[in-house]
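*Asks:* 3D model of this:
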Amino acid sequence: MCACGSDSEEVRPDDTSASVAFRASGTTESAVGSFEGDLMLDFSAPAGTSYTISMTEGGSWCWTSRLHQSTEKTAVMAAAMQSEKIYLAANQSAARTARISVIFSTGESYSLTVHQAAGSSSVSFNRAWAELPVCQTGSNQTIVDHYCTGKDGRKVRNFTMLYDTKECIARWVAYPIHSSYMEAPYVRSNAWAYDPKVPTNQQADLDGRSYQGGYIRGHQCMSNHRYVQASSEMNAQTFYSTNIMPQNSTFNSGLWGSMEQVCTAQACSDTLYCVTGNWGTRGYATDQNGKRIAAPEYCFKVILRTRSGRTGKRIDQITDASQLKAIGYWAANASSSNSGNLRDYTVSVSEIERKTGFKFFPMLDEKIAEQVKAQNNPSDFGIN
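*Replies:* So this is what the prediction gives:
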């Protein structure tokens with residue numbers, strides 16, 4: 001740990017009245033991937049102590065405020081322990097380093113370092129889409145997005161996914177739910193097909209037959225959230241193999257299905273933003289060619305919308321947490337998850353972030369994001 005005091009010797013936090021460290025590492029140094037995100041700093045000092053955070057290197061991409069891209073912040077300890085966030089832009093070039101100075105009014109000073117891995121410009125992330133998680137990719141993972149023709153003939157987004165090319169399953173699929181995607185009598189296309197954006201040897205062959213091994217074909221972006229008379233491709237894309245995951249049949253048709261109905265009922269003029277995904281591997285299904293496909297251990301949903309449903313505002317324009325509502329759903333991919341009530345499986349979005357490491361709804365104003373994602377009020381979504 002490097003903590004720079006007034007002389008040339010190393011100053012240890014436990015030898016001083018004030019200290020700071022990255023929460024993830026417990027030290028003054030942190031290594032992160034190329035994705036956009038944030039890092040938590042934990043401060044310890046007597047209440048009333050002031051401190052200043054300054055970016056001495058890397059201020060073009062490492063900030064104390066993402067909204068204003070600020071490189072300096074002064075604050076006062078309201079209690080003996082306090083936290084601050086450092087915000088990082090996505091890296092689409094070579095590895096880089098940011099250095100952060102923290103100076104306390106009690107005299108201690110610290111130098112912190114962030115090492116961000118090299119990135120690739122081939123991974124896209126459009127922050128204007130409120131449903132998108134931070135698009136972090138790991139080994140054998142890729143971001144895939146799909147567009148389709150909307151009701152007025154224009155090109156619109158359908159869904160975006162984080163696809164695992166080794167396990168042949170999307171770990172999350174993000175999409176908006178709005179009446180403009182559901183205008184016409186619902187017709188299920190059953191157009192089972194390979195995703196044209198992913199090599200076929202990295203997908204399940206589900207055309208005409210479900211998985212073998214006790215699992216059925218479960219949509220992540222639902223078929224009945226995508227039907228417009230003028231756009232046959234809108235529904236057909238939901239039958240791409242990449243959008244399907246092996247699910248326990250009782251689970252799929254039980255409370256999981258009830259949560260899907262909640263999403264349908266919560267569609268509003270302002271748009272409902274949804275991410276459906278899974279975590280862990282319970283076992284493996286096989287497709288009709290004998291290819292192994294990961295069967296999830298857990299399945300989840302996170303949803304966000306304005307409380308009134310008719311503000312006419314984008315999510316990033318809202319600075320009052322009381323105007324938004326969010327909730328998550330987390331359950332084992334097993335028949336046991338069909339017992340009890342729907343509210344037994346609701347959790348906060350923050351809890352699913354903690355379980356998975358995914359970062360949802362980064363478009364939220366940073367001042368209210370934690371408060372909104374901590375909500376877990378089933379009655380707000382008609383869940384009794």
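
*Asks:* tell me where the stretch 51-200 of the chain has strands.
*Replies:* 62-63, 72-76, 81-88, 96-104, 109-116, 141-149, 155-164, 169-177, 182-183 (DSSP state E, counting those that start in this stretch).

*Asks:* low-scoring stretches of the stretch 1-150 of the chain, by residue?
*Replies:* Residues of the stretch 1-150 of the chain meeting the criterion pLDDT under 70: 1-16, 35, 119-128.

*Asks:* how about the helices in the stretch 101-250 of the chain?
*Replies:* Secondary structure of the stretch 101-250 of the chain by DSSP state H, counting those that start in this stretch: the helices cover 232-236, 249-253.

*Asks:* which strands and helices sit next to the first one?
*Replies:* Based on contacts counted as 3 or more C-beta pairs under 8 Å, 6 or more residues apart in numbering; DSSP states H and E, the elements that helix 232-236 packs against are strand 141-149, strand 227-228. The way it works is simple: take the backbone N, C-alpha and C, and place the C-beta from them, glycine included.

*Asks:* out of the ones you listed, deepest packed?
*Replies:* Highest mean neighbour count among the helices and strands packed on helix 232-236 (mean count of other C-beta atoms under 10 Å): strand 227-228, with a mean of 20.

*Asks:* and the next helix or strand past the helix ranked longest in the chain?
*Replies:* Criterion DSSP state H: the longest helix present in the chain is helix 255-265. As assigned by DSSP states H and E, the chain's next helix or strand after helix 255-265 is strand 272-286.

*Asks:* check which helices and strands that following strand sits against.
*Replies:* strand 169-177, strand 292-306, helix 349-356.

*Asks:* so for S223, what's the pLDDT?
*Replies:* We have a pLDDT of 95 for S223.

*Asks:* try A193
*Replies:* Note on A193: pLDDT of 95.

*Asks:* count of residues packed around it?
*Replies:* Using other C-beta atoms under 10 Å, A193 is surrounded by 15 other residues.

*Asks:* hey, what's it bridged with?
*Replies:* Judged by DSSP bridges, the bridge partners of A193 are Y240.

*Asks:* identify the residues contacting it.
*Replies:* By C-beta atoms under 8 Å, 6 or more residues apart in numbering, the contact list for A193 reads 207, 236, 239-241.

*Asks:* buried only: go through those residues for me.
*Replies:* Among the contacts of A193, those buried by neighbour count (16 or more other C-beta atoms under 10 Å) are 236, 239-241.

*Asks:* how about these in TSV, adding distance to Q212 and pLDDT?
*Replies:* Converted to TSV, the buried ones among the contacts of A193 look like this (distance: C-beta to C-beta, whole Å; pLDDT from 0 to 100):
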residue	distance to Q212	pLDDT
A236	24	96
F239	19	97
Y240	20	97
S241	15	98
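
*Asks:* let me know the closest of those to K73.
*Replies:* Y240 (44.9 Å; C-beta to C-beta).

*Asks:* returning to what we had before: show me the one of the strands of the stretch 51-200 of the chain that comes nearest N278.
*Replies:* Checking the strands of the stretch 51-200 of the chain against N278 by C-beta to C-beta gives strand 169-177 as the closest, at 6.4 Å.

*Asks:* and the closest one, C-alpha only, in CSV?
*Replies:* Backbone C-alpha positions of strand 169-177 (Å, rounded to 0.1, in the frame of the first residue of the first chain) are rendered in CSV as follows:
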residue,chain,number,x,y,z
ILE,A,169,-26.2,-19.0,-23.8
ALA,A,170,-26.8,-15.3,-23.3
ARG,A,171,-26.0,-14.3,-19.7
TRP,A,172,-28.3,-11.3,-20.0
VAL,A,173,-30.7,-9.9,-22.6
ALA,A,174,-31.7,-6.2,-22.3
TYR,A,175,-34.8,-4.7,-24.0
PRO,A,176,-37.5,-2.0,-23.7
ILE,A,177,-41.1,-2.9,-23.3
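
*Asks:* contacts for that strand next, please.
*Replies:* 129-133, 141, 144, 157-164, 220-221, 225, 242-243, 245-246, 263-264, 266-267, 271-279, 293-294, 296, 358.

*Asks:* got a markdown table for the helices and strands packed on helix 232-236, with distance to T319 too?
*Replies:* A markdown table is the format used below for these (distance: least, C-beta to C-beta, whole Å):
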| stretch | distance to T319 |
| --- | --- |
| strand 141-149 | 29 |
| strand 227-228 | 34 |
